[in-house]
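Undergrad: Kindly return the folded structure for what I paste below:
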Amino acid sequence: MFYVVARAILRLVLGIAFNIKVEGKENVPPEGGVILAANHSSMLDPLLVGCAISRPIRFMAKRELFENPFLALIVPNLGAFPVKRGKNDKGAFHQALNIVKGDQVLGMFPEGTRSSDGRLQKAYSGVAVLAEKTGACVVPVGIVGVGRGIRKSTFPPKRRHIYISFGKPIVPSEVHSRISANQDSIGLKEAITGLMMDEIKKLVAGFRNIN
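TA: Numbering: from 1, shown residues only. Okay, the predicted model is just below:
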């Protein structure tokens, strides 16, 4: 209930603050375990993605957020769970695994941290490992306009355009079949990661071309 109410309020607030355009929501399966993989340039990214679709999303969030007394009361109720950045956090990984196996939606940022200039960074393999172990599809997500809208201010205030696009699902079994048919030497984990980041890059580039 808290999640539903909080999302409704956030949708209203974000809708007032920004001109948000969402595309490809139909690419998110209506049921079953799903991994959303998005580029990351702003602290608003989880909120924007969470408000863009109807299914609740469980996000990995840096452990430091849970050390703040105020945020520690709110963030868990929004479905987030802590992860130690830059370390092999087995506890967070197993929690993520259980979320996907429990037919929920898991939100992840493959780059691991926010990009300072909006350019895509090298991706970690966590998304691909979870997809390989669960068979769940990976839906790439491109977000454009958030970083620019926050870092640059004008007076009088101007509503910034933010674009969120959900790409076609990447299905591990289909990727595996493609690798086998082409007799590629690349592994499934590497193939999923590469395809995922290529799709995110296309989604981001597509929106930047209309900016």
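
Undergrad: Check for me that Pro199 belongs to a helix.
TA: Actually, residue 199 is Glu rather than Pro. Yes. Residue state for Glu199 (DSSP: H, G, I helix; E, B strand; the rest coil) corresponds to a helix.

Undergrad: Is the spatially most central residue of the chain bridged to anything, and to what?
TA: Taking Cα atoms, centre = their mean as the criterion, Ala38 is the residue nearest the geometric centre of the chain, at 3.5 Å. When bridges are called by DSSP bridges, Ala38 pairs up with Val141.

Undergrad: who touches it in this structure?
TA: Neighbouring residues of Ala38 by Cβ atoms under 8 Å, 6 or more residues apart in numbering: Asp45, Val49, Gly107, Met108, Phe109, Pro140, Val141, Gly142, Ile143, Ile200. Where C-beta positions appear, they are placed from N, C-alpha and C, glycine not excepted.

Undergrad: cool, and Arg178?
TA: Asp184, Ala191.

Undergrad: The same query, at a cut-off of 10 Å, please.
TA: Contact analysis of Arg178 by Cβ atoms under 10 Å, 6 or more residues apart in numbering lists Asp184, Ala191, Leu195.

Undergrad: For it, give its distance to Ile192.
TA: Counting by Cβ to Cβ, to the nearest Å, the separation of Arg178 from Ile192 is 11 Å.

Undergrad: what secondary structure does the closest residue to Tyr163 other than its chain neighbours sit in?
TA: Leaving aside its sequence neighbours, Tyr163 sits nearest to Phe207 (Cβ to Cβ, 6 or more residues apart in numbering; 3.9 Å). Assigned state for Phe207: helix (three-state reduction, three-state DSSP).

Undergrad: re the thing from before, where neighbours are concerned, which of the contacts of Arg178 has the most?
TA: Of all the contacts of Arg178, Ala191 has the most neighbours under the rule other Cβ atoms under 10 Å, reaching 19 neighbours.

Undergrad: Stretch 29-47: end-to-end distance?
TA: End-to-end distance for stretch 29-47: 20 Å, by Cα to Cα, to the nearest Å.

Undergrad: What of stretch 108-128?
TA: End to end - Cα to Cα - stretch 108-128 spans 11 Å.

Undergrad: what does stretch 23-35 give?
TA: Terminal-residue distance, stretch 23-35 (Cα to Cα): 17 Å.

Undergrad: pLDDT on it, on average?
TA: For stretch 23-35, mean pLDDT is 97.

Undergrad: What sits closest to Asp45 if chain neighbours are left out?
TA: Closest residue to Asp45 apart from its sequence neighbours, by Cβ to Cβ, 6+ apart: Ile143 at 5.7 Å.

Undergrad: Same question for Gly24.
TA: Phe166 is the one closest to Gly24 (Cβ to Cβ, 6+ apart), at 3.7 Å.
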